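Trainee: Structure of the sequence below:
(chains A and B)
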There are 2 protein chains.
Amino acid sequence: MPDMGRWEPNARGRLERAALELYIERGYERTSVAEIAERAGLTERTFFRHYADKREVLFGGSSALQELLVGTVARAPEPATPMEAVAAALEAAAAVLQERQEHARRRQAVIAANAELQERELIKLASLSAALADALRQRGVDDSSASLAAEAGIAVFKIAFRRWTEQAEQKDLSQFIGESFAGLKAVTAGT
Amino acid sequence: MPDMGRWEPNARGRLERAALELYIERGYERTSVAEIAERAGLTERTFFRHYADKREVLFGGSSALQELLVGTVARAPEPATPMEAVAAALEAAAAVLQERQEHARRRQAVIAANAELQERELIKLASLSAALADALRQRGVDDSSASLAAEAGIAVFKIAFRRWTEQAEQKDLSQFIGESFAGLKAVTAGT
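Mentor: Sure, this is the predicted structure:
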């Protein structure tokens, strides 16, 4: 293909880092794509080769996360219960996210400050839940149990993730996920 | 206040019914506020006294539903567990929704056909979950358990509601909620 622009080493990562810096320094609303590109030392044209708009910089990892969750459910050993398969998927996601804790914390702060971004995050989580449920159905799990295990898993993940990004201590995301699963089991048993 | 327009008996209900009819006949996107008002035999001005826009006709009941859920959690007897308080709230909501099954079914069909409405519905459910969690915290439930019980309850409700509106049989919403709670307990125990 002609004219794809010159190759920029790790342009995507540089744009993501620059965007997050600016969103925290001056706020998401008051940051433009031109400013993100400038901070990253790249052109706007390069920005739009990687991201549709400034919002999508914060959600660029969604499809990789979804593939990881779905793939882990698909590969869970045969005797795993639906919830064990979901737990394995969340553990796999936690291992990846743990490597980027500072990034996750900053991203979370930006999202918490903006209603539109919170809505986009809700939609992302709903998509992850639907994808998890589908992956469970592919394993032969009945429709209702698949939806319930997926929804419960995403609820656990959401709460664990929030605690992890807000914590003062230095516990791993994986520990918070374990605690939240135990918490869900305790509240669910109490009916 | 001068000029509030003449009083129209049950204008709100008439507008809601007219809107739903039109959304089903010709699609949500292709229906205008003017057409809704005309079908209801009212003016556009009256429409805007009751609803901010054509989308909000579908979400006008959200705050009453939230008050019912929160009030029921608040009034649950002292020894109720968090999940029992949430279950009581969902039962109260089910009793009200059961009275309007045909309306609920039609509304669900309109929402299922439109991505923007589905997003609005997700936001509504997230608000209900946050309100339920707050109501549980007011009862002295710890932060994590409150969030988990609320999220799990809303997941149960969402799945029960979908099954109820899609069913061929004539089971009550309340029965689907009971089945979904049992399903959640079963999948959660399997970890």
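Trainee: and the residue lying closest to A:Val57 once chain neighbours are set aside, how many neighbours?
Mentor: The shortest distance from A:Val57 to any residue other than its chain neighbours is 4.3 Å, reached at A:Ala19 (Cβ to Cβ, 6 or more residues apart in numbering or on different chains). Quick note: C-beta positions are derived from backbone N, CA and C, even for glycine. For A:Ala19, the neighbour count with other Cβ atoms under 10 Å in any protein chain shown is 28.
Trainee: And what about A:Ala19, helix, strand or coil?
Mentor: Of the three states, A:Ala19 takes helix under DSSP: H, G, I helix; E, B strand; the rest coil.
Trainee: pretty sure it contacts A:Ile36?
Mentor: Yes - in this structure, A:Ala19 is within contact of A:Ile36 by Cβ atoms under 8 Å, at 4.7 Å.
Trainee: what residues are shared contacts of the two?
Mentor: A:54, A:57 (Cβ atoms under 8 Å, 6 or more residues apart in numbering or on different chains).
Trainee: what residue lies at the spatial centre of chain A?
Mentor: In chain A, the C-alpha nearest the mean C-alpha coordinate belongs to A:Ser62, at 5.4 Å (Cα atoms, centre = their mean).
Trainee: Need the nearest residue in space to that one, chain neighbours excluded.
Mentor: Using Cβ to Cβ, 6+ apart, the closest residue to A:Ser62 is A:Lys124 (5.2 Å).
Trainee: what do you get for A:Val86?
Mentor: A:Gly153 (3.7 Å).
Trainee: how many neighbours does the one you found have?
Mentor: Count around A:Gly153 with other Cβ under 10 Å applied: 31.
Trainee: Dump the helix or strand of chain A with the lowest mean pLDDT to PDB, keeping only the CA atoms.
Mentor: Within chain A, no helix or strand scores below helix A:101-112, which has a mean of 92 by mean pLDDT, DSSP states H and E. Only the C-alpha atoms of helix A:101-112 are listed here, as PDB (Å, rounded to 0.1, in the frame of the first residue of the first chain):
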ATOM      1  CA  GLN A 101      -1.100  -1.400  37.400                       C
ATOM      2  CA  GLU A 102      -0.100   2.300  37.200                       C
ATOM      3  CA  HIS A 103      -1.700   2.600  33.800                       C
ATOM      4  CA  ALA A 104      -4.900   1.000  35.000                       C
ATOM      5  CA  ARG A 105      -5.000   3.300  38.000                       C
ATOM      6  CA  ARG A 106      -4.600   6.400  35.900                       C
ATOM      7  CA  ARG A 107      -7.100   5.200  33.300                       C
ATOM      8  CA  GLN A 108      -9.600   4.500  36.100                       C
ATOM      9  CA  ALA A 109      -9.200   8.100  37.500                       C
ATOM     10  CA  VAL A 110      -9.900   9.600  34.100                       C
ATOM     11  CA  ILE A 111     -13.000   7.500  33.600                       C
ATOM     12  CA  ALA A 112     -14.300   8.200  37.100                       C
END
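Trainee: Quick one: residues contacting the residue nearest to A:Val57.
Mentor: With contact taken as Cβ under 8 Å, 6+ apart, A:Ala19 is in contact with A:31, A:36, A:54, A:57-58.
Trainee: Restricted to strands, list the residues you listed.
Mentor: Among those, the subset assigned to strands under DSSP state E is empty.
Trainee: Between these, which sits nearest chain B?
Mentor: Using Cβ to the nearest Cβ, A:Leu58 is the member of those that sits closest to chain B, with 16.7 Å.
Trainee: Now do the phi/psi pair for A:Leu42.
Mentor: Phi and psi for A:Leu42, reported as degrees, to the nearest 10, are phi -130, psi 180.
Trainee: now do A:Ser32
Mentor: Backbone phi and psi, for A:Ser32 under degrees, to the nearest 10, turn out to be phi -110, psi 160.
Trainee: Near it, how many other residues are there?
Mentor: Residues near A:Ser32, counting by other Cβ under 10 Å: 11.
Trainee: Could you measure from the nearest residue to it once chain neighbours are set aside over to A:Arg107?
Mentor: Sequence neighbours aside, A:Lys54 is the residue nearest to A:Ser32 in space, at 7.4 Å (criterion: Cβ to Cβ, 6+ apart). From A:Lys54 over to A:Arg107 the distance is 13 Å, taken as Cβ to Cβ, to the nearest Å.
Trainee: ok, now A:Ala40?
Mentor: From A:Ala40 over to A:Arg107 the distance is 17 Å, taken as Cβ to Cβ.
Trainee: Same check on A:Ala189?
Mentor: A:Ala189 is 34 Å from A:Arg107, by Cβ to Cβ.
Trainee: The two - which one has more neighbours?
Mentor: A:Arg107 (23 against 12).
Trainee: Burial check on the spatially closest residue to that one that is not a sequence neighbour, number of neighbours?
Mentor: Among residues not flanking A:Arg107 along the chain, A:Leu58 sits closest, at 5.9 Å (Cβ to Cβ, 6+ apart). Neighbourhood size, A:Leu58 [other Cβ under 10 Å]: 23.
Trainee: can you check A:Val96 too?
Mentor: Neighbours of A:Val96 using other Cβ under 10 Å come to 13.
Trainee: returning to that earlier point: show me what the least confident helix or strand of chain A is in contact with.
Mentor: Here helix A:101-112 has contacts from A:20, A:23-24, A:28, A:58, A:97, A:117-118, A:121, A:161-162, A:164-166, A:173, using Cβ under 8 Å, 6+ apart.
Trainee: Show the buried residues in these.
Mentor: The neighbour-count test (16 or more other Cβ atoms under 10 Å in any protein chain shown) applied to the contacts of helix A:101-112 identifies A:20, A:23, A:28, A:58, A:97, A:117, A:121, A:161-162, A:164-165, A:173 as buried.
Trainee: Outline the domain layout of chain A.
Mentor: Here the domain parsing of chain A from automatic domain parsing is A:11-57, A:59-189.
Trainee: Any regions of chain A where pLDDT drops low?
Mentor: Residues of chain A meeting the criterion pLDDT under 70: A:1-7, A:191.
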